[in-house]
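Enquirer: here's a sequence, model it:
(chains A and B)
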Protein chains: 2
Amino acid sequence: MKEAGEKFRPIWIDHPSDVVKVIDQRALPHEQIVMDLQSVDQVIFAIREMVVRGAPLIGVTGAYGIFVALKTSKNQASDAVYIRNEADKIISARPTAVNLSWGVNRIASAVLAEKNPARRMDTARRVAGEIAEEEVENSKNIGRHGVKLIEKIARSKQGKPVNILTHCNAGSLACIEYGTATAPIYAAQEMGMNVHVWVDETRPLNQGARLTAWELGKYGVPHTVITDNAGGHLMQHKMVDIVIVGTDRTTYTGDVANKIGTYLKALAAKDNHIPFYVALPSSTFDWTIRDGVADIPIEVRDPDEVRYIPGAVKSRDSLLMPETSPAANFAFDVTPARLVTAFITERGICRAKEADIKRLFPEKGQTPAR
Amino acid sequence: MKEAGEKFRPIWIDHPSDVVKVIDQRALPHEQIVMDLQSVDQVIFAIREMVVRGAPLIGVTGAYGIFVALKTSKNQASDAVYIRNEADKIISARPTAVNLSWGVNRIASAVLAEKNPARRMDTARRVAGEIAEEEVENSKNIGRHGVKLIEKIARSKQGKPVNILTHCNAGSLACIEYGTATAPIYAAQEMGMNVHVWVDETRPLNQGARLTAWELGKYGVPHTVITDNAGGHLMQHKMVDIVIVGTDRTTYTGDVANKIGTYLKALAAKDNHIPFYVALPSSTFDWTIRDGVADIPIEVRDPDEVRYIPGAVKSRDSLLMPETSPAANFAFDVTPARLVTAFITERGICRAKEADIKRLFPEKGQTPAR
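Expert: Numbers count the residues shown, from 1 in each chain, chains lettered A, B, ... in the order given. Model (predicted):
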């Protein structure tokens, strides 16, 4: 695992081997395993099997996938058909997070714009690195803008902890550094504010219990893990001051696809007058979809992820239900814009309304392609 | 396990040993273990550790607890102080389900009304049995009334399955036979209707995945297990026609305490215009509490139930999060009456409003004690 002081990254290029390496997030928190991505098939495996996960990280991994494609097939590097084909294979690894197609398409375009085939692999390495650094910068800025929301609550609570609820992992592990939903929390912690995080365990793959709890523990942020059932009760009893989640795809009209269960927490926040924020870099906006509930593709994953417990990888043998009972595994849901208080983006905070989103991103605010 | 044809009961008195026996529900669906309740301490253990669970069953088990108290201390059987003391110990085993105090107090009164001390143990055995049979009758009637709701939907769906979502286990295992939430489902199945049940797994103790799925499988009811996060998504996409849940305590004003997470499903049902029904025998009403969210005591259980996976009892060693991360374990939440479409009781269906509840139960509809 690459660490610099307190910081670590879930993906990096090793020097001098030039190999793309990722943390195998399936094994956390029990084991810290590094996996090499030496072929496009390995990149697709890593994305599909959730070795890497989280919208910004999937985007960066997909981008590095094009570097791997060029590295493993140098003789075909000048072939636009090959590049487009590998790009499409990587994009189809997971359907919901829009960052994947965004990252892959961006690097594919940059590579194809490079007229000297001998330079394409270097271009891919460089642009993938740039995307990663941009996401770090985005996360920093999300933290800078979002921390003001926590600061305001902290002032009103006069030293008592600000209770933040989050769902799934939208932390450093889902991004490159800082995270999206966690960026304001880490910023608040650095500024010495008294914060406490309620961590939804986030069944079926328990990214909250396994990854967010691990990250927060690593950075010394006080936190408590709860079942996905518990948030409503906590909100009814004023034990939550603010909800901050990430997102895998957000429409330009403000509908938010995120890990399944997010919608239920948004309903509870609304019902209890608790602000519900979604933190995202602009790479997570989908500028083509108007109706998120109807049109964002929701991935359906292997029912065995529900039927068995996702503890350490090696112990995935604990059956939770009768052998004969079927299970269903919808991976995401969509929270309608009306339930979102505001977005925290790298450019600032804006309401979940088309006009406000387009005002913040005027270069994107054209009539959508469809 | 006591079975009669398709029927089984989770508690019974063995003949001729006169020993109270229960199914150890912690071991289901992996193992079918019968536990003897030979002392009041064992009765309290069984209730507290959820060997038995579910509001009606807890009430019946508590009632049998007084029989066990008299059986194990015959010399003290005439001592009203002893009986009251044992009753209070049993009642304090779990705080939320009102059936426990209802069942224990009813039998304690009956025993103390028996002036011949030599007959008190027989009285306890008889009255506990009567309570059990009454709950069977209540469940039957809940099924009879509730099936009409399913029938109406079935007609409008013209042969396509009626999709019913339920949370936790309010089935035969939670009652004596038929269940509460499941009674209308079993009745519909018997009448040949095409039903399909979405079973919330119900973390932390997975009563849905372990018990409801097991029961439904036993009775041949088509079902699919989902995570607690999934219900909102299913409702948004019209994959749920009706929600039916049980309850551990319902105020005379219509507020419903039930397994934690119920409130989130009620919010999603409301948001998607899906009817949300609560099935309960009158023994689950609390005629003294007006404001459920403020005043129903919510049990807080061992955080290790969240931290470890509750598969088979013997394998409770699978840690789900970092060793150092704390967890919280609120066992129930309260769904405000405004989110409840109606109650399905043994006397019929009534709206979740004080006037309607009191009209159905006029003998209870007096000014409450507090």
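
Enquirer: what's near enough to touch A:Tyr263?
Expert: A:Tyr263 sits next to A:333-336, A:339, B:232-233, B:236, B:268 when contact means C-beta atoms under 8 Å, 6 or more residues apart in numbering or on different chains. To be clear about C-beta, it is placed using only N, CA and C from the backbone, and glycine gets the same treatment.

Enquirer: do you know how far it is from A:Pro336?
Expert: In this view, A:Tyr263 and A:Pro336 are 8 Å apart by C-beta to C-beta, to the nearest Å.

Enquirer: return the distance of A:Val340 relative to A:Thr253.
Expert: Separation of A:Val340 from A:Thr253 (C-beta to C-beta) stands at 11 Å.

Enquirer: about what we covered before: out of the contacts of A:Tyr263, list just those in strands.
Expert: The strands, defined by DSSP state E, take in A:333-335 from those.

Enquirer: need the pLDDT of the closest residue to A:Val20 other than its chain neighbours.
Expert: In space, and not counting its chain neighbours, A:Val20 is closest to A:Leu37: 4.3 Å by C-beta to C-beta, 6 or more residues apart in numbering or on different chains. On pLDDT, A:Leu37 comes in at 98.

Enquirer: where does the stretch 1-150 of chain A come near chain B, residue by residue?
Expert: With C-beta under 8 Å from any C-beta of the partner chain as the criterion, the stretch 1-150 of chain A meets chain B at residues A:29-30.

Enquirer: which residues of the stretch 1-150 of chain A fall in helices?
Expert: For the stretch 1-150 of chain A, the helices defined by DSSP state H, counting those that start in this stretch cover A:40-48, A:55-72, A:80-91, A:98-113, A:120-157.

Enquirer: could you dump the ones you listed to CSV with mean neighbour count?
Expert: Listed next are the helices of the stretch 1-150 of chain A as CSV, based on neighbours: other C-beta atoms under 10 Å in any protein chain shown:
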stretch, mean neighbour count
helix A:40-48, 20
helix A:55-72, 28
helix A:80-91, 17
helix A:98-113, 22
helix A:120-157, 20
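
Enquirer: select, out of the ones you listed, the one closest to B:Asn99.
Expert: Closest to B:Asn99 of those is helix A:120-157 (C-beta to C-beta; 39.3 Å).

Enquirer: quick one: the closest one to helix A:80-91, angle?
Expert: Put simply, helix A:120-157 runs at 30 degrees to helix A:80-91, going by axes from the mean of the first three to the mean of the last three C-alpha atoms, to 10 degrees.

Enquirer: coming back round to it: which of A:Val340 and A:Thr253 has more residues huddled nearby?
Expert: Between A:Val340 and A:Thr253, A:Val340 has the larger neighbour count (other C-beta atoms under 10 Å in any protein chain shown), namely 25 against 19.

Enquirer: shouldn't the more buried one be in contact with A:Ala352?
Expert: Yes: A:Val340 lies in contact with A:Ala352 (C-beta atoms under 8 Å); the separation is 3.8 Å.

Enquirer: overlap in contacts of these two?
Expert: Residues touching both A:Val340 and A:Ala352 (C-beta under 8 Å, 6+ apart) are A:254, A:256, A:278.

Enquirer: residues contacting the second one?
Expert: Which is A:Val256. Contact partners of A:Val256, counting by C-beta under 8 Å, 6+ apart, are A:245, A:247, A:250, A:262, A:278, A:292, A:334-335, A:337, A:340, A:352.

Enquirer: again with the last one
Expert: Contacts of A:Val278 were listed using C-beta under 8 Å, 6+ apart, and they are A:244-247, A:250, A:256, A:258, A:335, A:340, A:342-344, A:352.

Enquirer: repeat that with 10 Å
Expert: Neighbouring residues of A:Val278 by C-beta atoms under 10 Å, 6 or more residues apart in numbering or on different chains: A:170, A:180-181, A:243-247, A:250, A:254, A:256, A:258, A:262, A:266, A:284, A:335, A:337, A:339-345, A:352.

Enquirer: next one: A:Pro184
Expert: Contacts of A:Pro184 by C-beta under 10 Å, 6+ apart are A:142-151, A:164, A:178, A:195, A:242, A:244, A:277, A:279, A:344.

Enquirer: A:Met360 contacts A:Ala352, doesn't it?
Expert: Heads up, residue A:360 is Leu, not Met. No: using C-beta atoms under 10 Å, A:Leu360 makes no contact with A:Ala352, being 11.5 Å away.

Enquirer: between these two, who's got more neighbours?
Expert: Per other C-beta under 10 Å, whichever of A:Leu360 and A:Ala352 has more neighbours is A:Ala352, with 24 against 19.

Enquirer: A:Ile260 and B:Glu137, how far apart?
Expert: Applying C-beta to C-beta to A:Ile260 and B:Glu137 gives a distance of 40 Å.

Enquirer: actually A:Ala328, sorry about that
Expert: 35 Å.

Enquirer: repeat that for A:Val199.
Expert: 45 Å.

Enquirer: quick one: low-confidence ranges for chain A?
Expert: A:1-7, A:74, A:76-78, A:310-318, A:365-370 (pLDDT under 70).

Enquirer: domains of it?
Expert: Domains of chain A are assigned by automatic domain parsing as A:2-134, A:145-364.

Enquirer: end-to-end on the last one?
Expert: Between the opening and closing residues of domain A:145-364 there is a gap of 21 Å (C-alpha to C-alpha, to the nearest Å).

Enquirer: for chain B, give me its nearest residue in the stretch 251-370 of chain A.
Expert: At 2.8 Å from chain B, A:Gly261 is the closest residue in the stretch 251-370 of chain A, using C-beta to the nearest C-beta.

Enquirer: that residue reaches B:Asn229, doesn't it?
Expert: Yes: applying C-beta under 10 Å as the test, A:Gly261 and B:Asn229 come out as touching, 2.8 Å apart.

Enquirer: what's the overlap in contacts for these two?
Expert: Overlap of the contact sets of A:Gly261 and B:Asn229 (by C-beta under 10 Å, 6+ apart) consists of A:167-168, A:200-203, A:228-229, A:332-333, B:264.

Enquirer: take those residues and keep only those in strands.
Expert: Of the shared contacts of A:Gly261 and B:Asn229, the ones assigned to strands by DSSP E are A:200, A:332-333.

Enquirer: measure the residue nearest the centre of chain A to chain B for me?
Expert: Centroid-nearest residue in chain A: A:Gly54, 2.8 Å away (criterion: C-alpha atoms, centre = their mean). Counting by C-beta to the nearest C-beta, to the nearest Å, the gap from A:Gly54 to chain B is 17 Å.

Enquirer: name the nearest residue to that residue, sequence neighbours excluded.
Expert: Spatial nearest neighbour of A:Gly54, chain neighbours left out: A:Ala174 (2.3 Å); criterion: C-beta to C-beta, 6+ apart.

Enquirer: if you tally nearby residues, what's the number for the one you found?
Expert: 29.

Enquirer: then A:Leu173?
Expert: Other residues lying near A:Leu173 total 25 when counted by other C-beta under 10 Å.
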